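Peer 1: Just a sequence and a predicted model for now, questions to come.
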Amino acid sequence: MSQKNKSESEEIFASCSFPSLGLHQTLCDQLQDRMGFKVPTLIQAQAIPVVLSGKHVLVNAATGTGKTIAYLAPVIHHLQMYDPRVERSDGTFALVLVPTRELCMQVYEILQKLLHRFHWIVPGYVMGGENRSKEKARLRKGVSILVATPGRLLDHLKNTASFLHTNLRWVIFDEADRILELGFGKEIEEILEFLGTRQCETDAKGNGASRHSQSQRQNLLLSATLNEKVNNLARISLENPVMIGLDEKMGLIKQAEYLGSIGRDSHGESELSGTPYSCLDADYNLPTQLVQRFVKVPCGSRLVALLSVLLNIYEMEASTKVVVFFSTCDAVNFHYELISKFHWGLDVQLGEQKKYSFAKCKAFRLHGNMEHEDRRTTFQGFKSEKSALLLCTDVAARGLDFPEVRHIIQYDSPGEASEYVHRVGRSARLGKKGDALLFLQPVEMDYLQDLTKHGVVLEEFSLLKVLDKFLMHNQKSQRGKFISLEMHPWVLSLQRALESYITAEEKLKKLAKDAFCSWVRAYTAHRGELKRIFMVKKLHLGHVARSFGLKEQPSLVGGSFQKQMKKRKREQKQEGLSKRRKVKAKR
Ligand SMILES: Nc1ncnc2c1ncn2[C@@H]1O[C@H](COP(=O)(O)OP(=O)(O)OP(=O)(O)O)[C@@H](O)[C@H]1O
């Protein structure tokens with residue numbers, strides 16, 4: 001092992017074994033034989049003993065560091081030791097709340113593997129999009145460890161009388177920040193109300209006597225980023241939590257501040273010793289081996305730049321996995337259709353015909369407007385391919401563990417810096433290499449400062465070098481001489497080819513127009529501080545249209561769009577008015 005690899009793996013893996021953390025031998029064998037995990041990751045080594053001890057825990061650690069096992073293993077350890085053995089009729093002992101359906105499936109699949117030798121502990125899931133009656137039937141039979149998305153869980157808590165949770169001992173919020181950002185805050189409050197906030201209040205309410213006296217409630221909260229909403233959830237749900245994985249460089253003062261910020265007394269019973277700490281300034285945890293770059297591209301050349309970057313990646317590495325993030329479902333649909341169908345034939349000197357295909361591998365798409373079953377197939381398909389391209393919205397940004405993703409391209413910028421962190425976190429997992437590339441237009445460069453505020457620093461990627469590679473024979477003498485990207489011969493000819501192709505393909509043209517409209521709408525929806533950077537006023541809509549391969553100016557495309565924009569403005573005005581009225585009324 002080279003020195004570099006050695007130190008990288010030392011940063012990820014601990015120098016102890018799973019049994020030494022206190023886990024049952026059969027479970028350790030299962031981790032090794034079934035999952036191939038020989039030693040724990042650092043975060044697992046820190047978290048497992050604490051979770052085993054029964055304390056409430058807040059885990060804040062970089063993406064891809066093994067948080068899932070850090071909570072599942074201790075829960076299974078305890079459950080498999082219950083005497084009498086847990087039975088289906090005992091209902092649910094552990095509840096794992098996750099933000100998305102894909103993450104729900106992912107955690108459930110890991111659970112299935114871990115429980116292979118503990119057949120009496122039954123895993124299960126409930127999530128939006130699934131058949132309610134089938135879920136009801138499963139809950140009626142009994143599920144020992146339940147993975148759930150918040151909306152559907154609440155639905156069952158309210159409407160499925162046979163859902164037994166009087167033995168509930170663990171409530172785990174995985175990707176807590178995302179759950180809250182997706183607007184599930186209200187559902188979470190209601191869920192906590194149903195289940196009792198921190199203690200085993202269900203027993204106190206006399207909802208059923210337990211065969212298992214161990215049922216003292218333990219809540220766990222896991223998040224790769226911390227923010228005010230997560231702090232609030234921590235405040236409501238955790239009792240004297242132990243902080244794990246928070247930034248080592250921060251000292252005790254920061255911990256105390258953090259504990260203060262979530263309303264805990266740092267001199268009280270909170271566990272402060274021995275664990276690394278907090279990122280009050282919302283500095284984000286990013287894998288150190290991740291190479292992060294940005295590319296500055298004028299709006300009208302964005303599509304050509306994206307295709308060229310993809311072409312370059314697959315020419316350099318015949319087999320690799322790439323994820324490209326877009327801001328809207330329509331944009332994903334358009335680019336997916338284009339990339340799957342468009343091949344560019346170019347007459348090269350000597351009469352040769354070179355055909356460029358921009359995805360030399362299987363392409364997938366994933367977004368929230370897809371049918372549930374299609375989402376599931378994409379998720380599994382992209383996971384199992386060795387070389388593949390995934391075009392997606394932020395539905396794929398959190399928690400999903402796609403093995404071996406090397407490149408993350410953020411074609412549309414992510415908005416909040418925390419979203420940036422989660423998107424790039426789909427690569428460079430567990431010490432593996434990763435390259436992240438963020439597309440920015442010249443008018444958006446201030447976004448880099450916003451990232452810098454959170455400790456994220458990006459280097460510039462030289463797109464011209466990539467474009468020069470594709471120069472035709474007769475243009476090669478001019479290599480390195482094009483200063484303006486828009487005038488680069490490769491850009492000009494590819495753009496022309498794209499525009500003719502899209503104009504000729506009715507279906508694609510329609511997709512391009514829809515994508516154009518929704519893209520501009522999404523651009524207007526940037527929040528707070530970011531509005532100053534991503535300003536529609538600064539955009540040249542004709543150039544935006546070019547970035548969807550449209551020759552027509554937006555006025556031709558935008559009849560319905562203009563109407564929608566007007567409607568939106570009216571609605572915003574109305575909202576503003578009613579808010580102001582409410583404020584007045586309060587006063
Ligand atoms: N001890 C281990 N040894 C080897 N691989 C491991 C170990 N623990 C976890 N992994 C693998 O590491 C990858 C990342 O794990 P996981 O998805 O739990 O990370 P995470 O911290 O939850 O990431 P995110 O914040 O993005 O959700 C997975 O592929 C998992 O199978």
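Peer 2: Cool, got the structure.

Peer 1: Quick check: Gly425 touching Gly64?
Peer 2: Yes: the criterion here is C-beta atoms under 8 Å, and Gly425 meets it with Gly64 at 5.9 Å. Every residue, glycine included, has its C-beta placed from N, CA and C.

Peer 1: any common contacting residues for the two?
Peer 2: Common neighbours of Gly425 and Gly64 (criterion: C-beta atoms under 8 Å, 6 or more residues apart in numbering): Pro287.

Peer 1: Comparing these two, which residue is more hemmed in?
Peer 2: Gly425 (28 against 23; other C-beta atoms under 10 Å).

Peer 1: List the contacts of that one.
Peer 2: Contacts of Gly425 by C-beta under 8 Å, 6+ apart are Ala62, Thr63, Gly64, Ala224, Leu286, Pro287.

Peer 1: So which residues of the stretch 351-500 of the chain form strands?
Peer 2: Using DSSP state E, counting those that start in this stretch, the strands assigned to the stretch 351-500 of the chain run over residues 352-357, 362-366, 388-392, 405-410, 434-440, 459-460.

Peer 1: Is there contact, residue-wise, from the fifth one to the ligand?
Peer 2: No: using C-beta under 6 Å from any ligand atom, no contact is recorded between strand 434-440 and the ligand, whose separation bottoms out at 11.9 Å.

Peer 1: who does that strand touch, helix- and strand-wise?
Peer 2: strand 290-296, helix 302-316, strand 405-410, helix 417-424 (3 or more C-beta pairs under 8 Å, 6 or more residues apart in numbering; DSSP states H and E).

Peer 1: Quick check: which ranges of this structure have low pLDDT?
Peer 2: The model of the chain has pLDDT under 70 over residues 1-11, 197-215, 246-285, 346-356, 397-399, 472-483, 553-587.

Peer 1: For it, what lies in contact range of the ligand?
Peer 2: Counting by C-beta under 6 Å from any ligand atom, the chain sits next to the ligand at 37, 40-41, 44, 63-69, 224, 399, 401, 403, 425, 429-430.

Peer 1: One more pass at 8 Å, please.
Peer 2: By C-beta under 8 Å from any ligand atom, the part of the chain that sits against the ligand consists of 13, 18, 31, 35-41, 43-44, 61-70, 103, 106, 110, 174-175, 222, 224, 398-401, 403, 422, 425-426, 429-430.

Peer 1: Make CSV out of the helices and strands packed on strand 434-440 and add distance to Glu87 and mean neighbour count.
Peer 2: Converted to CSV, these look like this (distance: least, C-beta to C-beta, whole Å; neighbours: other C-beta atoms under 10 Å):
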stretch, distance to Glu87, mean neighbour count
strand 290-296, 46, 18
helix 302-316, 52, 20
strand 405-410, 40, 23
helix 417-424, 39, 24
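
Peer 1: if we compare the ones you listed, which one ends up closest to Asp90?
Peer 2: helix 417-424 (35.8 Å; C-beta to C-beta).

Peer 1: so how far is the closest one off the chain centroid?
Peer 2: On the basis of C-alpha atoms, centre = their mean, to the nearest Å, helix 417-424 is displaced by 8 Å from the centre of the chain it belongs to.

Peer 1: For the ligand, what's the nearest residue on the stretch 101-250 of the chain?
Peer 2: The stretch 101-250 of the chain approaches the ligand most closely through Ala224 (4.5 Å), counting by C-beta to the nearest ligand atom.

Peer 1: Show the contacting residues for that residue.
Peer 2: Asn60, Ala61, Ala62, Thr63, Glu175, Asp177, Tyr284, Asn285, Val421, His422, Gly425 are the contacts of Ala224 under C-beta under 8 Å, 6+ apart.

Peer 1: In strands, which of the residues you listed appear?
Peer 2: Asn60 (DSSP state E).

Peer 1: Compute the distance between the closest residue to Val395 other than its chain neighbours and Asp401, please.
Peer 2: Excluding the flanking residues, the one nearest Val395 by C-beta to C-beta, 6 or more residues apart in numbering is Gly368, at 4.9 Å. Separation of Gly368 from Asp401 (C-beta to C-beta, to the nearest Å): 19 Å.

Peer 1: Now do the buried residues in stretch 113-122.
Peer 2: Leu114, Leu115, Phe118, Ile121, Val122 (16 or more other C-beta atoms under 10 Å).

Peer 1: Then the fourth one would be within a strand, right?
Peer 2: In this case it means Ile121. No: if the criterion is DSSP: H, G, I helix; E, B strand; the rest coil, then Ile121 is coil and not within a strand.

Peer 1: For it, which non-adjacent residue is closest in space?
Peer 2: Nearest to Ile121 is Ser144, by C-beta to C-beta, 6+ apart, at 4.6 Å.

Peer 1: Leu451 is in contact with Tyr420, correct?
Peer 2: Yes: under the criterion of C-beta under 8 Å, Tyr420 makes contact with Leu451 at 6.3 Å.

Peer 1: about what we covered before: who has more neighbours, Gly368 and Asp401?
Peer 2: When Gly368 is set against Asp401 and neighbours are counted by other C-beta under 10 Å, the residue ahead is Asp401, at 19 against 14.

Peer 1: all helices of the stretch 101-250 of the chain, in order?
Peer 2: Secondary structure of the stretch 101-250 of the chain by DSSP state H, counting those that start in this stretch: the helices cover 101-114, 132-141, 150-159, 176-181, 185-195, 201-204, 228-237.

Peer 1: quick one, which of those helices is packed in tightest?
Peer 2: helix 176-181 (a mean of 25; mean count of other C-beta atoms under 10 Å).

Peer 1: Convert the C-alpha atoms of that one to PDB, please.
Peer 2: This file holds the C-alpha atoms of helix 176-181, laid out as PDB (Å, rounded to 0.1, in the frame of the first residue of the first chain):
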ATOM      1  CA  ALA A 176     -32.200  14.700   9.500                       C
ATOM      2  CA  ASP A 177     -31.300  17.900   7.700                       C
ATOM      3  CA  ARG A 178     -32.800  16.600   4.500                       C
ATOM      4  CA  ILE A 179     -36.000  15.400   6.200                       C
ATOM      5  CA  LEU A 180     -36.500  19.000   7.500                       C
ATOM      6  CA  GLU A 181     -35.400  20.700   4.300                       C
END
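
Peer 1: That one packs against which elements?
Peer 2: strand 218-223, helix 228-237, helix 417-424.

Peer 1: 10 Å - rerun?
Peer 2: With contacts taken as 3 or more C-beta pairs under 10 Å, 6 or more residues apart in numbering; DSSP states H and E, helix 176-181 sits against strand 57-60, helix 185-195, strand 218-223, helix 228-237, helix 417-424.

Peer 1: contacts for that helix?
Peer 2: 58-60, 97-100, 103, 149-150, 173, 175, 184-185, 187-188, 220-230, 232-234, 237, 394, 397-399, 416, 418-419, 421-422 (C-beta atoms under 10 Å, 6 or more residues apart in numbering).
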